[in-house]
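Colleague: Mind looking at a prediction? Sequence and model below.
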Amino acid sequence: MTLVYQSTRDENNKVTASQAILQGLATDGGLFTPLTTPQVDLDFDQLKDASYQEVAKLVLSAFLDDFTEEELDYCINNAYDSKFDTPVIAPVVKLGNQYNLELFHGSTIAFKDMALSILPYLLTTSAKKQGVDNKIVILTATSGDTGKAAMAGFADVPGTEIIVFYPKDGVSKIQELQMTTQVGDNTHVIAIDGNFDDAQTDVKRMFNDEDLRAKLLANKTQFSSANSMNVGRLVPQVVYYVYAYAQLVKSGDIQNGDKVNFTVPTGNFGNILAAYYAKAIGVPVGKLICASNENNVLTDFFTTGTYDKKRDFKVTTSPSMDILVSSNLERLIFHLLGNSAAKTKELMESLASAGEYTLTDADQDILNLFAAGFATEEETAAEIKRVYDQSNYIEDPHTAVASAVYTSYAERTGDNTPTVIASTASPYKFPRVAVAAVTGKDSGDDFKAVEELHELSGVAIPAAVNGLETAEVRHKTVVATADMQKAVEDYLGL
């Protein structure tokens, strides 16, 4: 029986995996979500010796079950290759009493590479399967990392264009240059005078604009998404949680069957939702610890049951988490409400109109899986220094948020379950922040900080940063939020 993906907002809107990947976002504004948990044989005594690619095949064949074995092999082998600077793809590093799962060994040194290196292959394969010969336009908003990773994946892929919006003053200098120097005739990068939530809201609006959809189709063009709103982005993220557990069994740090906690720095909720699906298919998870920065809307939600976006938006040193509307939480809400599209739609409409909603009658077993906390800017910097002093290892600010939240969770609860921190970016993406936290001095310049970070950490400067300072800036467009659609239409010649 083929796995059914349904919109979180319409019980009649049901599709297969390849249809969900091709559409990206449901036309009713909802997110395609699996109605049942696929059966996966997670035998960790065997999986401990499996390669990343083999674990990926096991997980993806369960979730993307309308793909043939040959199609999946093609996608996996093209994604997880020498683009990663280690054959392990996602190493687990022991630091004191925590384990950092390094998800930044891909071509753009952030965890988005883990899924966005495979998404172009899943998407073009889906288009072929569905007999679609329209041009696929990847339309996405980024808080710093998705944009670059998506462009790196889709650059010059035949039959695709990619348009990325990012907040002009809401990303690090390295993140911005990674995007604005991107090569590829089909890549377009646009800065907006607004924050990430403004960009994401308008991208979602364009997906749901029927007039724009008709105009695109008349030009043999259609939108899809590279955001974690797309199941083709979300499902590959399940793989590394299964792989991390297998690696801990292999190293003897845990016995097969022992529970582990995962602490995930969380903005749009996709990464921690993937950990939830990993638990659903059989990874022995104790707690999923949702770590936020000072934009702590998720901490408040898990503490009170009320999601309230009516608060000041803060620009922090962990910009990929500077988000007040966590899109992927909608999928968890759907599951918390017993997969009720009607109830989920009602809450999402309340969020859009009133800026908040309160969850009642939720599935307590699911809710009890989650713990939540947030780290202030001061706590994040202190954590980078603590980990460096203790382990001679430098975390990026997002990882440090998770690390700080985990440390305070462990102290508060006495929970000593082995815990994996999702380490979502290389410190080389945020060198000034990392160096200032360790030394107490601001380098004043990102590229000076790169050299200092190299001296402090002994870690080789990654190819993603090397030469970035002198690379040609190819994308210089800045628009007001209100003009985002006009910019899209101009690029596509509509």
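Modeller: Looks like it came in fine. Owing to the predicted nature of the structure, the values given are computational and were not obtained by experimental measurement.
Colleague: Name the residues of whichever helix or strand E11 is part of that are buried.
Modeller: Using DSSP states H and E, the element containing E11 is strand 10-15. Neighbour counts over strand 10-15 (16 or more other CB atoms under 10 Å) mark 10, 13, 15 as buried. Where C-beta positions appear, they are placed from N, C-alpha and C, glycine not excepted.
Colleague: mind listing the helices for the stretch 1-150 of the chain?
Modeller: Per DSSP state H, counting those that start in this stretch, the stretch 1-150 of the chain carries helices over the ranges 17-23, 44-47, 52-63, 69-79, 112-116, 119-129, 146-154.
Colleague: And the stretch 201-350 of the chain, by the same measure?
Modeller: Ranges of helices in the stretch 201-350 of the chain, per DSSP H, counting those that start in this stretch, are 210-218, 231-251, 270-280, 297-304, 329-336, 341-354.
Colleague: Tabulate the ones you listed in CSV, adding columns for distance to N368 and mean neighbour count.
Modeller: Formatted as CSV, the helices of the stretch 201-350 of the chain follow (distance: least, CB to CB, whole Å; neighbours: other CB atoms under 10 Å):
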stretch, distance to N368, mean neighbour count
helix 210-218, 41, 13
helix 231-251, 19, 25
helix 270-280, 12, 24
helix 297-304, 11, 18
helix 329-336, 11, 23
helix 341-354, 20, 16
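Colleague: In CSV: these, plus distance to D365 and mean pLDDT.
Modeller: Formatted as CSV, the entries for the helices of the stretch 201-350 of the chain read as follows, by distance: least, CB to CB, whole Å; pLDDT from 0 to 100:
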stretch, distance to D365, mean pLDDT
helix 210-218, 39, 95
helix 231-251, 19, 98
helix 270-280, 11, 98
helix 297-304, 15, 97
helix 329-336, 10, 98
helix 341-354, 18, 97
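Colleague: between those, which one is nearest to T263?
Modeller: Taking CB to CB as the measure, these were each checked against T263, and helix 270-280 came out nearest at 9.0 Å.
Colleague: Look up how far E349 lies from the spatially closest residue to D308 that is not a sequence neighbour.
Modeller: Nearest non-adjacent residue to D308, counting by CB to CB, 6 or more residues apart in numbering: E356, 4.1 Å away. As for E356, its distance to E349 is 12 Å (criterion: CB to CB, to the nearest Å).
Colleague: now do L35
Modeller: For L35, the distance to E349 under the criterion CB to CB works out to 22 Å.
Colleague: Can you list the buried residues in stretch 360-376?
Modeller: In stretch 360-376, the ones that count as buried by 16+ other CB under 10 Å are 366, 369-375.
Colleague: And stretch 119-132, by the same measure?
Modeller: Taking 16+ other CB under 10 Å as the basis for neighbour counts, the residues of stretch 119-132 that come out buried are 119-127, 129-130, 132.
Colleague: Pick the one among those residues closest to I281.
Modeller: I281 has its nearest neighbour among those in L122, at 18.7 Å by CB to CB.
Colleague: my read: that closest one touches L234, true?
Modeller: No. In this structure L122 lies outside contact range of L234 using CB atoms under 8 Å: 11.2 Å.
Colleague: quick one on the thing from earlier: in a markdown table, list the helices of the stretch 201-350 of the chain along with distance to R474.
Modeller: Output for the helices of the stretch 201-350 of the chain, formatted as a markdown table (distance: least, CB to CB, whole Å):
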| stretch | distance to R474 |
| --- | --- |
| helix 210-218 | 25 |
| helix 231-251 | 25 |
| helix 270-280 | 28 |
| helix 297-304 | 35 |
| helix 329-336 | 35 |
| helix 341-354 | 36 |
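Colleague: just to revisit the earlier point, possible to save the buried residues of stretch 360-376 as TSV with pLDDT, distance to Y99 and secondary structure?
Modeller: TSV is the format used below for the buried residues of stretch 360-376 (pLDDT from 0 to 100; distance: CB to CB, whole Å; DSSP: H, G, I helix; E, B strand; the rest coil):
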residue	pLDDT	distance to Y99	secondary structure
I366	97	25	helix
L369	98	19	coil
F370	98	20	strand
A371	98	17	strand
A372	98	20	strand
G373	98	19	strand
F374	98	22	strand
A375	98	19	coil
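Colleague: In JSON lines: these, plus distance to S391.
Modeller: Formatted as JSON lines, the entries for those read as follows, by distance: CB to CB, whole Å:
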{"residue": "I366", "distance to S391": "34"}
{"residue": "L369", "distance to S391": "29"}
{"residue": "F370", "distance to S391": "27"}
{"residue": "A371", "distance to S391": "24"}
{"residue": "A372", "distance to S391": "25"}
{"residue": "G373", "distance to S391": "22"}
{"residue": "F374", "distance to S391": "23"}
{"residue": "A375", "distance to S391": "18"}
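Colleague: Nearest to V285 among these?
Modeller: Closest to V285 out of those is L369 (7.0 Å), distances taken as CB to CB.
Colleague: The closest one and I289 touch, don't they?
Modeller: No. In terms of CB under 8 Å, L369 does not count as a neighbour of I289; the distance is 10.0 Å.
Colleague: Tell me the predicted confidence for F44.
Modeller: Here, the pLDDT recorded for F44 equals 98.
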